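**Student:** heads up, no residue letters with this:
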């Protein structure tokens, strides 16, 4: 039986970075993947395909320039699924090649097969016609998640599907119901609405993105309604069923429809339905009990601040440990887990991990929300910059974006940064860096920003916030 210093299960963002970090520390590392391709959901069905799809939508529809050039900015009048998928496939192939090259260069041994624990120190890797056993000093479980698929939902991959199935559609539907107002549901709802699909989004809570600052969430909901999305907030779906075609009805009812019946009694009908309510872990297949581990009812593992499970030499990182379940945080979690395992000092600031939502428009945040600061009794003031105040905002045709700084009333420290609009996920890192270094709002007052840029929003927001504090 071969022995490794580190065995990593799963080749998504967390697994990749965990394995490479171990190799860079001079350790023997084996990386195990059960699927026939690298990268996990992030590369194949989630992060990269959806973001590539978003960029294709913005480019081909001209939506990113519509505020400046109007409908004349549209690159193509009739956009097909093939147009969109072509772009994402190019990016996926590039990322897969990049991952494989990084693993090879760092000497990580890649093993294909389904891993399962035999005990807390040994795993078996099952293949079609054989298996192999390995022992390791440390383990990192990075098996990720898959879309939740309740048995009560009649999935058929053509009209009722998850986010994985949406990427396999052959034609664009005219209408769609999106069940779930989380990140995945909202991102795809915005993309499809931009393509001209009539979208109805159903969310059980009173607003989308409950983790966001309330003002930003409200602004996003306003933008969703502007692009024609019907929001059914505070509503839950009681039943989903297929309706047979009824030629007598006409007006689109001559084709099969999907009907979602809400608990309130409303009936929603559309050609397609995207079910995007939560994701389910996949780690129970690892025979966790043999390693002394137990997952929760959604197959997620509980870890401590060092990403250790209840068995101290077995770590877990990425989506399998739950919120925020982002590729960016998963990468860092994988790296930090391995550094802790091998006694390498690190400085991590989890409270300053940024959150990015690639909807239309983009949203990003770091630090605290107004609601969190109010609940904690921390005195703050909000400084706001509207994109319409910025020359760059006008040049981009984005007159609805905004950036908000949350400023401590007494010491002027930056407590949170919230952005909605073009480039939000890039802009956020300026605020993140200032917060990590303990900077105050004075940094933005005294700094010079290139003109014209969106980054100027920090200076505008800083002045706005300090003006309020000085009562001018």
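**Tutor:** Yep, it's here. Everything numeric here is computed off the predicted structure, so don't read it as measured data.
**Student:** Any figure for the gap between the closest residue to residue 80 other than its chain neighbours and residue 61?
**Tutor:** What sits nearest to residue 80 in space, not counting adjacent residues and going by Cβ to Cβ, 6 or more residues apart in numbering, is residue 172, at 7.1 Å. (Each C-beta comes from the backbone N, C-alpha and C, glycine too.) As judged by Cβ to Cβ, to the nearest Å, residue 172 and residue 61 stand 12 Å apart.
**Student:** again with residue 386
**Tutor:** Counting by Cβ to Cβ, the gap from residue 386 to residue 61 is 24 Å.
**Student:** who's more crowded, those two?
**Tutor:** Between residue 386 and residue 61, residue 61 has the larger neighbour count (other Cβ atoms under 10 Å), namely 22 against 17.
**Student:** Toward the C-terminus from the helix or strand of the chain with the lowest mean pLDDT, list the very next helix or strand.
**Tutor:** Ranking every helix and strand in the chain by mean pLDDT, DSSP states H and E puts helix 66-69 at the bottom, with a mean of 52. The element immediately downstream of helix 66-69 (helix or strand, assigned by DSSP states H and E) is helix 81-105.
**Student:** For that next one, name the packing helices and strands.
**Tutor:** helix 13-24, helix 40-44, helix 47-61 (3 or more Cβ pairs under 8 Å, 6 or more residues apart in numbering; DSSP states H and E).
**Student:** just how off-centre is that helix within its chain?
**Tutor:** 18 Å (Cα atoms, centre = their mean, to the nearest Å).
**Student:** Strands of the stretch 251-400 of the chain, start to end?
**Tutor:** 257-262, 267-270, 272-275, 279-281, 314-316, 355-357, 363-367, 380-386 (DSSP state E, counting those that start in this stretch).
**Student:** Please name every helix or strand in contact with the last one.
**Tutor:** Contact partners of strand 380-386 among helices and strands, from 3+ Cβ pairs under 8 Å, 6+ apart: helix 370-376, strand 402-408, helix 456-469.
**Student:** try 7 Å
**Tutor:** Counting contacts by 3 or more Cβ pairs under 7 Å, 6 or more residues apart in numbering; DSSP states H and E, strand 380-386 packs against strand 402-408, helix 456-469.
**Student:** give me the low-pLDDT residue ranges for the stretch 1-150 of the chain?
**Tutor:** In the prediction, the stretch 1-150 of the chain carries residues with pLDDT under 70 at positions 63-78.
**Student:** how about a cut-off of 90?
**Tutor:** In the predicted model, the stretch 1-150 of the chain carries pLDDT under 90 at residues 1, 35-96, 127-131, 148.
**Student:** which of the helices and strands packed on helix 81-105 is buried the deepest?
**Tutor:** Most buried of the helices and strands packed on helix 81-105, by mean neighbour count (mean count of other Cβ atoms under 10 Å): helix 13-24, with a mean of 27.
**Student:** Run the chain-centre distance for the following helix or strand past it.
**Tutor:** Downstream of helix 13-24, the next assigned helix or strand under DSSP H and E is strand 29-33. Taking Cα atoms, centre = their mean, one finds the center of strand 29-33 at 25 Å from the center of the full chain.
**Student:** I'd like the helices and strands packed on helix 81-105 as a markdown table, with distance to residue 336 appended.
**Tutor:** Converted to a markdown table, those look like this (distance: least, Cβ to Cβ, whole Å):
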| stretch | distance to residue 336 |
| --- | --- |
| helix 13-24 | 9 |
| helix 40-44 | 18 |
| helix 47-61 | 20 |
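**Student:** low-confidence ranges in the stretch 351-472 of the chain?
**Tutor:** Counting by pLDDT under 90, the stretch 351-472 of the chain has low-confidence residues at 397, 399, 470-472.
**Student:** hmm, try it at 80
**Tutor:** 472 (pLDDT under 80).
**Student:** Show me what residue 355 is bridged to.
**Tutor:** Taking DSSP bridges as the rule, residue 355 bridges to residue 365.
**Student:** So it versus residue 432, what's the distance?
**Tutor:** Distance of residue 355 to residue 432, computed by Cβ to Cβ: 11 Å.
**Student:** Residue 306: neighbour count?
**Tutor:** Residue 306 is flanked by 14 other residues according to other Cβ under 10 Å.
**Student:** Perfect, that will be all.
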